[in-house]
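Student: Coordinates only, no sequence provided:
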C-alpha cells in the first residue's frame, strides 16, 4: 500500500444511478483486501473519507461481481451506471449485467427485443379459448417461456430430439387438461428464436403448469378474480425453475417498463437467499406500489412476517388486511392469502387464521412452508391424501416459488365449470377431508392405516401413540430393514423416518412430526403406504 500522509484523508464518493438503487451491493477494500465498508445501495450516494492509497470498489449484482482498482490521491467521484457522464470529474463504472426471465427494460441484459415484442403482443391476445367458459371474464393467465438468447438457443437446438416446448401442459386444479403444448394447440411459438406463449381468459382459481421431461415439475399458478396473472420462465437444456417470475396486473398486458417488477425481482432474490431484511425506503415503496402490483405486496409481506422485525408492525398489519379485504378482495380461497394469515397470526397478537383444511397450494414456497409448519400443531390444515400432504415429501428448493414432483390426479376428470360464479370446492365445517377433492388422487383415497393390532382405544390420540405400540412389530422390522427398499431413494422424508425408527421405534407420530417439521397426517399416510407395499411384498 502506498504510504499515507498522516492526518490527510481524501473523499471518495460513489454515486448510484436511480435504476440501480437496491440492485447493487457496493464494497470497498484496501490494498490488503481488508473490507472497509459494504452495503446495499438503498442510497443514491455513498461517501468515504480515506487515506491516500490503492482501493478496490466492488460491485455485486445478481450474483455477478465486478472490481475496479483505484488510486485515491485526491477527491474522486465514481458513478454506478451505463450512461456517459457530462462531468469529466466523474468516472462511470458499469455494473455486471442483470438477468431476469421477465423481459424488463433498463438494467437487464437479458431483455432482447426479439423476445420482448412477442411477449408484449401475446400478453394481450388469446392463444386459447375455453369452450365451457363463455362468460366474458376479467381474469386471465399469460405464460411466456423463452431461452436466454437466440445464440444460446442455437447452441442447444441440435441436442433436442423434439420441440423445446413439447414437455409442457396446463391443467386446472382437478387435472383436467387445458392444453398440451406438444399438440401445438392453444399456444403461439417461434422455433427459430426459441419462445412459446399461452394466453387465455379463465375463471379464477388454481391451475398448474406441468413439465414432464427429466426432473419433472408441477407449478401452481393462481388466477385472482379481477386480476391478470403473468408467468415467465427461462429455458435451457432443462427449464430453469429458479428463474420463475409471476406478476399480477390490472390490465391484460405486459409492460416491460413497469418499475414494480424490478422490485419483485429484488424481493425474490432475498427470499431465495433467506434474507429477511428490508430497508425502510423499500418498505415505503412497497406500501405504495402494492395497489398496482399485489405480488409486490404479497412477497414483501411474506418477507417481513417471516423476520423478527417489529419496527413496521403497524404498517404490515394494515398491508396484510388490505391485501385480503381491498386489493385482492373476493379471492379468499387463495392459498397464499391463507398462508399470509398464518404468518401474520404468528407475528401479531391480534391476528387469527381459520383452522380449516386448505384447498390447493400456494404459489410461493414460503407460503407452503408456513402452512406446513402450522400443520404440525393444527393437523386439520393438511388432510391425508390432499395435495399439500403429497407436496411435503416432493418439494424442490431451487426456486422461491412452490415447485414439486408432479402429483398424480384421479382417472376420472372433474369439471370445474358447473358453478362458474364460485368454481372452487368448499370445506364442510369440521370436515377432515376436502369436499370435491376425494377423486383428486387415484388409488390413494380412502386408505386407512391398518395397525396389525386387534383393537385400539378410539378415545386415544393416534398421533401420540408410540409407533412400537401402534404398528405390528413385524411391520416395523421390515420398515427398518436395510435389505428392503421402502422408496427412500431421493426421498429425504422417508429415509429420515426410517433413520429415526432405527434409533428409537418408541417414538410417536407427533415426535416424528416435530423432528422433521411435517404434518402428522403425512407421517401417518407414509406408514400407510409402507404397509400396502409390505402386503405386496408378502
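Tutor: Good, I have the coordinates. Computed from a predicted model, the values in this text were never measured in an experiment. Numbering: from 1, shown residues only.
Student: Which residue comes closest to residue 409 once chain neighbours are left out?
Tutor: residue 175 (2.7 Å; C-beta to C-beta, 6 or more residues apart in numbering). Where C-beta positions appear, they are placed from N, C-alpha and C, glycine not excepted.
Student: In this structure the one you found contacts residue 218, no?
Tutor: No. With contact defined as C-beta atoms under 8 Å, residue 175 does not count as touching residue 218 (10.1 Å).
Student: Contacts made by stretch 279-291 with the rest, please.
Tutor: Outside stretch 279-291, the residues that touch it by C-beta atoms under 8 Å, 6 or more residues apart in numbering are 22, 40, 42, 260, 263, 266, 296-298, 300, 304, 312, 315, 319, 322-323, 327.
Student: again but with stretch 115-122, I slipped
Tutor: In contact with stretch 115-122 (C-beta under 8 Å, 6+ apart) are residues 103, 105, 142, 144, 146, 188, 190, 193, 195, 197, 199, 232, 253-256.
Student: Show the average pLDDT along it.
Tutor: Averaging pLDDT along stretch 115-122 gives 96.
Student: for residue 43, what are its contacts?
Tutor: Per C-beta under 8 Å, 6+ apart, neighbours of residue 43: 16, 21.
Student: What separation do you get for residue 76 and residue 88?
Tutor: Residue 76 sits 12 Å away from residue 88, going by C-beta to C-beta, to the nearest Å.
Student: in the stretch 1-150 of the chain, which ranges drop under the pLDDT threshold?
Tutor: 1-7, 39-42, 62-63, 83-86, 106-110, 134-137 (pLDDT under 70).
Student: what do you get if the cut-off is 80, keeping everything else the same?
Tutor: 1-8, 18-25, 37-44, 61-64, 82-89, 95-99, 104-111, 131-137 (pLDDT under 80).
Student: could you pull out the helices for it?
Tutor: Along the stretch 1-150 of the chain, the segments classed as helices by DSSP state H, counting those that start in this stretch run 113-122, 150-156.
Student: now swap in the stretch 301-450 of the chain and tell me
Tutor: 313-322, 335-347, 365-375, 387-391.
Student: Next up, the contacts around residue 232.
Tutor: Residue 232 touches 100-103, 119, 144-145, 243-247, counting by C-beta under 8 Å, 6+ apart.
Student: Does it fall in a helix, a strand, or a coil region?
Tutor: At residue 232, secondary structure determined by DSSP: H, G, I helix; E, B strand; the rest coil is strand.
Student: what is it paired to in the beta sheet?
Tutor: residue 144, residue 245 (DSSP bridges).
Student: For residue 99, grab the count of nearby residues.
Tutor: Counted with other C-beta atoms under 10 Å, residues neighbouring residue 99 total 18.
Student: correct me, but it touches residue 152?
Tutor: No. Judged on C-beta under 8 Å, residue 99 makes no contact with residue 152 at a distance of 11.4 Å.
Student: Pull up the gap between the nearest residue to residue 378 once chain neighbours are set aside and residue 104, please.
Tutor: Nearest-residue entry for residue 378: residue 355, 4.9 Å, with adjacent residues in sequence omitted and distances by C-beta to C-beta, 6+ apart. Using C-beta to C-beta, residue 355 is found at 40 Å from residue 104.
Student: Identify, by residue count, the longest helix of this structure.
Tutor: The single longest helix within the chain, with elements called by DSSP state H, is helix 520-537.
Student: who's in contact with that one?
Tutor: So helix 520-537 is contacted by 375-376, 379, 382-385, 389, 392-393, 447-450, 462-463, 467, 471, 475, 478-479, 484, 486-487, 493-494, 497, 509-510, 512-513, 516 (C-beta under 8 Å, 6+ apart).
Student: was I right about residue 102 contacting residue 244?
Tutor: No. Residue 102 lies out of contact with residue 244 (C-beta under 8 Å); the separation is 9.6 Å.
Student: Count the residues that sit near residue 70.
Tutor: As a measure of burial, residue 70 has 16 neighbours, counting by other C-beta under 10 Å.
Student: contacting residues for it?
Tutor: 12, 54-57, 76, 78.
Student: Please pick the buried ones from the residues you listed.
Tutor: 12, 55-57, 76, 78 (16 or more other C-beta atoms under 10 Å).
Student: Inside strands: which ones of those?
Tutor: 12, 55-57, 76, 78 (DSSP state E).
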